[in-house]
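Engineer: turn this into a model:
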Amino acid sequence: MHAPWLGRIVFGLMAAFSSAIACADDYSFAASPAVADSALDEVRGGFEVPANLRASMTLERTAYLNGELVASLSVKVPDIGNITTREATALADAAGMLLIQNGPDNAFNVADLGPASTVIQNTLNDQHLLTLTTISVDVNTLGAFREMNFQDGLRDSLVMPGAR
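Structural biologist: Residues are numbered from 1 along each chain as shown. Coordinates of the predicted model:
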């Protein structure tokens, strides 16, 4: 099914991304004075979530060795628009490093890992290793997307009736 609004969103994101890259490569601001924190406080953003929009997220990372669960990290943020410090900390912890070592003589320098890294070291033969990272995001906007698709379809049929 063709969704014309999806193309507009992707095009807008590509345009914004290419503008950001162009600005990042522009060194004309290097000699400019820094903006005062008080001025930045007026324009700083974040996510502005409409009152009727509710989004939740669950992050779960699991590792299995020969069918047995050996590691599990999970966090649920019930309302992303009103995330608490405790939930944000739990999310950062769940997205942290996961290191699993199976068998003798495994060695790894943890300092070599980046955020959200998963490392499995195995020195044994015939082992079944499995890791899963599941991110579930739920939003209450299905009705709005259906309405938008309906409106796009209606507009397309009215604007170009002979094109089909």
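
Engineer: how far away is residue 91 from residue 159?
Structural biologist: Distance of residue 91 to residue 159, given as CB to CB, to the nearest Å: 44 Å. For glycine as for every other residue, the C-beta is placed from the backbone atoms N, C-alpha and C.

Engineer: and those two? which has more neighbours close in?
Structural biologist: More neighbours surround residue 91 than the other of residue 91 and residue 159, with 17 against 8 (other CB atoms under 10 Å).

Engineer: please work out the average pLDDT along stretch 135-145.
Structural biologist: The average pLDDT within stretch 135-145 is 79.

Engineer: my error: substitute stretch 86-104 in the last question.
Structural biologist: If you average the pLDDT values across stretch 86-104, you get 85.

Engineer: then stretch 40-54?
Structural biologist: The pLDDT scores in stretch 40-54 average 69.

Engineer: quick one: contacts for residue 143?
Structural biologist: Applying CB atoms under 8 Å, 6 or more residues apart in numbering, we find residue 143 in contact with no residue.

Engineer: secondary structure element holding it?
Structural biologist: Assigned by DSSP states H and E, residue 143 belongs to helix 142-159.

Engineer: just the CA atoms of that helix, as PDB, please.
Structural biologist: What follows is helix 142-159, C-alpha atoms only, in PDB (Å, rounded to 0.1, in the frame of the first residue of the first chain):
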ATOM      1  CA  LEU A 142      -3.400   4.200  15.100                       C
ATOM      2  CA  GLY A 143      -6.700   6.100  14.600                       C
ATOM      3  CA  ALA A 144      -4.800   9.200  13.500                       C
ATOM      4  CA  PHE A 145      -2.700   7.300  11.000                       C
ATOM      5  CA  ARG A 146      -5.800   5.600   9.600                       C
ATOM      6  CA  GLU A 147      -7.500   9.000   9.300                       C
ATOM      7  CA  MET A 148      -4.400  10.400   7.600                       C
ATOM      8  CA  ASN A 149      -4.300   7.500   5.100                       C
ATOM      9  CA  PHE A 150      -8.000   7.900   4.400                       C
ATOM     10  CA  GLN A 151      -7.600  11.600   3.800                       C
ATOM     11  CA  ASP A 152      -4.600  11.000   1.500                       C
ATOM     12  CA  GLY A 153      -6.600   8.400  -0.500                       C
ATOM     13  CA  LEU A 154      -9.600  10.600  -0.700                       C
ATOM     14  CA  ARG A 155      -7.500  13.600  -1.900                       C
ATOM     15  CA  ASP A 156      -5.700  11.400  -4.500                       C
ATOM     16  CA  SER A 157      -8.900  10.100  -5.900                       C
ATOM     17  CA  LEU A 158     -10.400  13.600  -6.100                       C
ATOM     18  CA  VAL A 159      -7.400  15.300  -7.600                       C
END
